[in-house]
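**Q** Here is a sequence with its predicted model. Questions after.
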Amino acid sequence: MKLQHHTLEEPTVDLTSLIDVVFLLLIFFMVSTTFERQALMKVDLPEASEVEDRAETPEYLELVIDSEGRMYLNDMRLVDSEVATIRAAIEQAAGDNRDLPLILRADRLTPHHHVVTAMDVAAQLGFRNLSIATDRTDGTAE
């Protein structure tokens, strides 16, 4: 008796249709998903409003740091650049008003840690309106 010898073929799985379905689902979810972006730092943006009669410009505090780290608050030199000194000077000048704009003006050669220290003190005291001003090389302010 003659038996037929069958060669065993390996079964194959066609993944083409499965890949197509997965890509379609991926595209569907990418298009239909709304992304919510949560910022780590809260920024209060100004709102436009109708301007009424403004008698004079509002008061502000200006903290100037020269290239050697000496600090001046509203044109009065501080004794040193220590945190306690900066804190006491700003508290004395501002009183209880933490809504005053605080302008931080530093020389371009000022060591970075003096600027960061001044910003930290302003944040600890609760100042919300902090502006950083720079000077151009020709001496005019930006």
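**A** Done, it's in.

**Q** Which element, helix or strand, includes Leu25?
**A** For Leu25, the host element (DSSP states H and E) is helix 16-32.

**Q** Could you list the buried residues of that helix?
**A** By 16 or more other Cβ atoms under 10 Å, helix 16-32 has no buried positions at all. In this view, the C-beta of every residue, glycine as well, is placed from N, C-alpha and C.

**Q** Mind listing residues that contact that helix?
**A** The contact list for helix 16-32 (Cβ atoms under 8 Å, 6 or more residues apart in numbering) is empty.

**Q** again, only using 10 Å
**A** The contact list for helix 16-32 (Cβ atoms under 10 Å, 6 or more residues apart in numbering) reads Leu15.

**Q** helices and strands around the helix or strand hosting Ala118, which ones?
**A** Using DSSP H and E, Ala118 sits within helix 112-125. Contact analysis of helix 112-125 by 3 or more Cβ pairs under 10 Å, 6 or more residues apart in numbering; DSSP states H and E lists strand 61-65, strand 71-73, helix 83-94, strand 102-106, strand 130-133 as its packing neighbours.

**Q** Return the set of buried residues in the second one.
**A** Judged by neighbour count using 16+ other Cβ under 10 Å, the buried positions of strand 71-73 are Met71, Leu73.

**Q** Run the chain-centre distance for that strand.
**A** Averaging C-alpha positions (Cα atoms, centre = their mean, to the nearest Å) puts strand 71-73 25 Å from its chain's average.

**Q** Give me the helices and strands touching that strand, please.
**A** Packing contacts for strand 71-73, counted by 3+ Cβ pairs under 10 Å, 6+ apart, involve strand 61-65, helix 83-94, strand 102-106, helix 112-125.

**Q** Thanks a lot, see you next time.
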